[in-house]
Each structure stands twice: as C-alpha cells, then as structure tokens.
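K.L.:
Output the structure for:
(one chain, ligands or ions: 1)
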Amino acid sequence: MLRSVILAAARSQKVERLVETAPISRDVVKRFVAGSGTGEALATTRQLADAGLCITLDNLGEDTLTADQANATKEAYLELLAALGQAGLTAAKNGGGEAVTVATAEVSLKLSALGQAFDEQLAEKNAREICEAAAALGTTVTLDMEDHTTTDSTLDILSRLRRDHPGTGAVLQAYLRRTEGDCRELATAGSRVRLCKGAYKEPEHVAYQAPLEVDKSYVRCMNILMAGEGYPMLATHDPRLIAIAQDRARWFDRSPDEFEFQMLYGIRPEEQTRLARAGHTVRVYVPYGTEWYGYLMRRLAERPANLAFFGRALISK
Ligand code: FAD
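P.N.:
Have a look, this model is predicted:
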C-alpha cells in the first residue's frame, strides 16, 4: 500500500514540484545528496577525505533511454574523474603497488545509466571508457548492482572489464538466494566485492523476504568473502553486522587495510568517522546530480522500510 503511494508520487510531476519546493526537501537533499554538479561533488569529497574517509561517487541519472543520455552520463563521469585527479583525490590510500588499489576517491556506476536497458554493448563500451580514465588516474570503478533481471548481464560485463581492469569492483546483494555462490566465484585475489543487503523489491523465488533471513545470508556471504582472497567492501549501517565484521576480521586475521566498510552519505556520519578513527577504511557512497527526486523516491519505493531509514537519519546524528 505504502509502496504504491510512493510509486505514484514518484511518477507525478505535481508531487515532484511540491517535494522539490518544500522546505524539508532542501534539508533532506542536502543531507543525502552532495549537490548538483562536479564542483559540489568535489567539495564534498574533499571534506570527507580531510575527515579521514574514502569516497565513491555516483552521478545520479534518471532512466536512460537513449544513446545520447548514456553518452552524457559517461561524459559527466569523465569530467568528474578529471577533476578528482586534478585535486589529488584519486591517489591510492594504501600507497598503490598492492594486490588491490584502495583509492581515496573512486566512482560507482549504474550500467542502466550507461545504456544497459536498450544496448548492453553500448553500456559496456561506456563503462570501459570510464574504467580506462579511472585507471589512468590510479583509481577504480565499482559497478552498482540493480534489480535481479540485470545481475547476470552486470556480472558478465564485470568479468570482461576485469580482464583489462582487474580492480573493477562488483556489488553483490545478500537478499538474493544466488549470492553465496556469486561470493564464492568472486572471492579471488585482487577482486573487490561490495556486499550490501539489496535495495530493490524482488520476488520470493529469487530473494529472501524476511529481514532476519537477509541478515543471516549477509553473514554467510561475509564469511565467504572474509575467508577468501579478495578485498571485501562491507556496505551496511547495521551495527550488528558491523560488529560481526570486526569479529570475522579478527577470526580470519585480516588487518584493517584488507577490507573496508562502506556507508551512504548522510547516514550515520558519526559512526563513519568513529570507525575511521579506530583505524578502519570507511568509504562513503556520495550521490550527486540534479536528478535527486528520482533517487530519493526510488529508494523509498524500492523498499518502503527506507522511509524509516531516511527518517532515522534525519533525527539521528
Ligand atoms: P538496514 O536494514 O536498513 O538497517 C539496519 C540497522 O542499521 C537498523 O535497524 C539500525 O539499527 C541501523 N541503522 C540504519 N540506518 C540508521 C540510521 N540512520 N541511524 C542509526 N541507525 C541506523 N543496494 C543495491 O541494491 N545495490 C547497490 O549497488 C547498493 N550499493 C550500496 C552502496 C553502499 C555504500 C551502501 C551503504 C548501500 C548500498 N545499497 C545498494 C543499499 C543497500 O542494499 C541497503 O538497501 C541499505 O544499505 C540499507 O541496508 P543496511 O545494511 O544499512 O541495513
């Protein structure tokens, strides 16, 4: 019911105008989105880096339906990477030369924004150009994961990109029943894997529905990644999972530079700095761009529990 209301609101231009002009919107947007252009994204990145955090930047885009839109997204990423490089923000935090580069700032891509829905080859070509630009600056790219109908295509494109750019990161979603298997496949040397719970509305036959089942799957997947040879990137704000990750790191004898935590910009910022001060690598996922309305509404619609999630973030520190 709630989901239908949010989805209807997401499609309504009237509601969009209302939300965009409501005073609360400015606070919400400022809290969760780093601004509309490269300059603001850069300023936020600098601020987070100065606080000892790492960053992955996401250029927000609406559903990409044409090659021109896909091209514009690619160009926005190239402009951003050039600016990050010029500002010295793409440097490897771990000094480079390791099995995995841990760059101060990298980028996260949605293949759908690069054309995946209508031309997979175009999306791959665009992603490859971005990977090349990132590699030239010493940094990395992570491919976000979207709904389950795109998982195979995204992992196929990832494996081809990795032949030339082995540091390209994958995202696996613990709510998918297939993910333990995908973790085993990807827990190899040099492989960067972000593990998240998953943000889309998925059917029962492909995804666990009960939060407890998702959490248990997250722990099983985390065990596989922490026991493996790759570089786990544990994306969660869940205190229980963070504590389990710290325990597993001790169990599997992983030092703080052999895995990282990731959280969203604006969510639990104090926990982000607390973990960083305790010696962990913490990467903040920073969305920026003008298309924030769709971003926030889709987050809510995909998972109505996020209503509480964003609400909690607004009243918490
Ligand atoms: P939740 O179940 O939302 O929260 C668990 C617990 O965390 C809560 O019960 C509470 O104790 C605590 N908590 C949460 N928020 C707060 C708060 N504001 N203040 C205090 N406590 C809080 N999803 C995808 O499908 N594809 C992606 O590519 C993707 N990339 C992501 C990248 C990053 C860096 C992150 C952090 C998330 C990403 N997600 C992605 C979203 C993810 O799948 C989840 O929807 C989202 O992170 C919420 O899950 P959670 O693990 O934080 O736990």
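K.L.:
interface residues of this protein facing the ligand?
P.N.:
144-145, 171, 173, 196-200, 235-239, 262-264, 267-268, 285, 303, 309, 312-313, 316 (Cβ under 6 Å from any ligand atom). Where you see a C-beta, it was placed from the backbone N, CA and C, and this is true even at glycine.
K.L.:
at 5 Å instead, please
P.N.:
Counting by Cβ under 5 Å from any ligand atom, the positions of the chain adjacent to the ligand are 144-145, 171, 196-199, 235-238, 262-264, 267-268, 285, 309, 312-313, 316.
K.L.:
which helices and strands sit right next to the lengthiest helix in the chain?
P.N.:
In terms of residue count, the longest helix belonging to the chain (DSSP state H) is helix 67-86. Judged by 3 or more Cβ pairs under 8 Å, 6 or more residues apart in numbering; DSSP states H and E, helix 67-86 is in contact with helix 38-50, strand 54-59, strand 105-109, helix 120-136.
K.L.:
Can you give me the buried ones in it?
P.N.:
By neighbour count on 16 or more other Cβ atoms under 10 Å, the buried set for helix 67-86 is 69-71, 73-74, 76-78, 80-81, 83-85.
K.L.:
got it, and stretch 161-178?
P.N.:
Applying 16+ other Cβ under 10 Å to stretch 161-178 flags 161-162, 165-176 as buried.
K.L.:
Output that stretch as CSV, restricted to C-alpha atoms.
P.N.:
What follows is stretch 161-178, C-alpha atoms only, in CSV (Å, rounded to 0.1, in the frame of the first residue of the first chain):
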residue,chain,number,x,y,z
LEU,A,161,36.1,-5.3,-17.8
ARG,A,162,38.2,-7.1,-15.2
ARG,A,163,40.4,-8.7,-17.9
ASP,A,164,41.8,-5.2,-18.6
HIS,A,165,41.0,-3.5,-15.3
PRO,A,166,41.2,-6.2,-12.5
GLY,A,167,40.4,-3.7,-9.8
THR,A,168,36.9,-3.1,-11.1
GLY,A,169,34.5,-3.7,-8.1
ALA,A,170,31.4,-5.9,-8.1
VAL,A,171,28.3,-5.4,-5.9
LEU,A,172,26.5,-8.5,-4.5
GLN,A,173,23.2,-8.3,-2.7
ALA,A,174,22.7,-10.6,0.3
TYR,A,175,18.9,-10.8,-0.2
LEU,A,176,19.4,-12.8,-3.5
ARG,A,177,19.4,-16.5,-3.0
ARG,A,178,22.1,-16.9,-5.6
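K.L.:
what about it, average pLDDT?
P.N.:
Rounded to a whole number, the mean pLDDT of stretch 161-178 is 97.
K.L.:
what separates that stretch from the chain centre, distance-wise?
P.N.:
Remark: stretch 161-178 is offset 12 Å from the chain centroid, using Cα atoms, centre = their mean, to the nearest Å.
K.L.:
A helix includes P232, no?
P.N.:
No: read with DSSP: H, G, I helix; E, B strand; the rest coil, P232 is strand and lies in no helix.
K.L.:
got a pLDDT number for it?
P.N.:
98.
K.L.:
where does the closest residue to Q262 other than its chain neighbours fall, phi/psi-wise?
P.N.:
Spatial nearest neighbour of Q262, excluding adjacent residues (Cβ to Cβ, 6 or more residues apart in numbering): A235 at 3.9 Å. When read as degrees, to the nearest 10, the backbone of A235 gives phi -100, psi 100.
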